[in-house]
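# starting from these lines, generate the structure:
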Amino acid sequence: MSRPYVDFEAGVRKQATIPDGALSLGLAGTAPGLVLERNGSVIVVLPGPPAELQRLWARALETDPVRRVLSRAQPPELRQLRFFGASESVVAKALADAGGDGEGVEATICARDFEIHVDLVVAPGAESRADELSAGLVGPIERYLFSRDDRPVEEMVLDLCRERGLALVTAESCTGGMVAERLSSVPGSSDVFLGGVVAYADEIKVRRLGVPAEVLERHGAVSAETAAAMATGARERLGAEVAVAVTGIAGPGGGSAEKPVGLVYLHVEGPGGGRSVDFVFPGDRQSIRRRAAATALHLVRRLLQQHRDEAV
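Next up, the predicted model:
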């Protein structure tokens, strides 16, 4: 950095100074971690950046002072409910109608790209109250419930493919590979996820995915017909049983009265048939792309779950 050491000396000295009696957890980069006992309390000192904190927290859990504290603790239970297709207000109303939190149960609601995550933190002895609250919450909106754990939808999609021995591919335009990125981020995904095609230009849709030129001319690149043709072409050309396609207008320009910014067409094709949906997503370019990618994954999940249930 071509700067003299004196510029850093104060910060380095502070990080290198250990209080008397403290136990060092080592370093995460240059940031230290410490465990200190004072006046009957155990103090854990960790760096702020999450990756560094998490690395040294694992070491803190191995120390005798922290182990003694944890041996006396009664950790709460965490219950997780994940919804897709319902708005945050609808889920919040269902929670309120079910009685809301309290009496040993704390509820939090978080919206994430059209998914609504509800976490219930259950104190020891409040399990029955949590059972009643969960049942009352899920009852009126059960059709939107897709998970009772913390598995992301991409992991669920991959597991559903494995159950049936199906290979999966993607064909993406406006999302630019975001669906493929989420799938490939899961360790071991290569056993069912073969890959994808980012067909941004019309000529790539024609040349790489076999989308008929007349479909593009008649309906346009952003259309249900093009999304279906992209999925069909990806299945055939990449040799998979399941394909999902996304095409849309992420903005900020390119929209019209007929096809506004945020309009996205999605299509999934599988051995038992296909399914298409379209949405006009709100938000900026990145929000629209993220929501389209999440919706594409849920579209695959719904198709595979439907076919699995029908097979049973």
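# longest helix in this structure, by number of residues?
Secondary structure of the chain per DSSP state H: the longest helix is helix 285-311.
# helices of the stretch 51-200 of the chain, start to end?
Applying DSSP state H, counting those that start in this stretch to the stretch 51-200 of the chain gives helices spanning 64-72, 88-97, 127-138, 153-164, 178-184.
# what packs against the third one?
Using 3 or more C-beta pairs under 8 Å, 6 or more residues apart in numbering; DSSP states H and E as the contact definition, the elements that helix 127-138 packs against are strand 77-84, helix 88-97, strand 105-112, strand 115-122. C-beta here means a position set from N, CA and C on the backbone, and glycine is covered the same way.
# go on, the fourth one?
With contacts defined as 3+ C-beta pairs under 8 Å, 6+ apart, the secondary structure elements packing on helix 153-164 are strand 145-147, strand 168-172, helix 178-184, helix 285-311.
# and Pro282, how many neighbours does it have?
Applying other C-beta atoms under 10 Å, we find 10 residues neighbouring Pro282.
# for Leu81, same thing?
23.
# just to revisit the earlier point, I'd like the helices of the stretch 51-200 of the chain written out as a markdown table, with distance to Lys205, mean neighbour count and mean pLDDT added.
Output for the helices of the stretch 51-200 of the chain, formatted as a markdown table (distance: least, C-beta to C-beta, whole Å; neighbours: other C-beta atoms under 10 Å; pLDDT from 0 to 100):
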| stretch | distance to Lys205 | mean neighbour count | mean pLDDT |
| --- | --- | --- | --- |
| helix 64-72 | 56 | 12 | 95 |
| helix 88-97 | 35 | 16 | 97 |
| helix 127-138 | 41 | 17 | 98 |
| helix 153-164 | 24 | 20 | 98 |
| helix 178-184 | 16 | 22 | 98 |
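# for those, which one sits closest to Ala293?
helix 178-184 (4.0 Å; C-beta to C-beta).
# on the three-state scheme, the residue nearest to Thr63 when sequence neighbours are not counted is what?
Excluding its sequence neighbours, the residue lying closest to Thr63 (C-beta to C-beta, 6 or more residues apart in numbering) is Val35, at 5.0 Å. The three-state label given to Val35 by DSSP: H, G, I helix; E, B strand; the rest coil is strand.
# so what's Lys259 up against?
The contact partners of Lys259, taken as C-beta atoms under 8 Å, 6 or more residues apart in numbering, are Gly220, Val222, Ile249.
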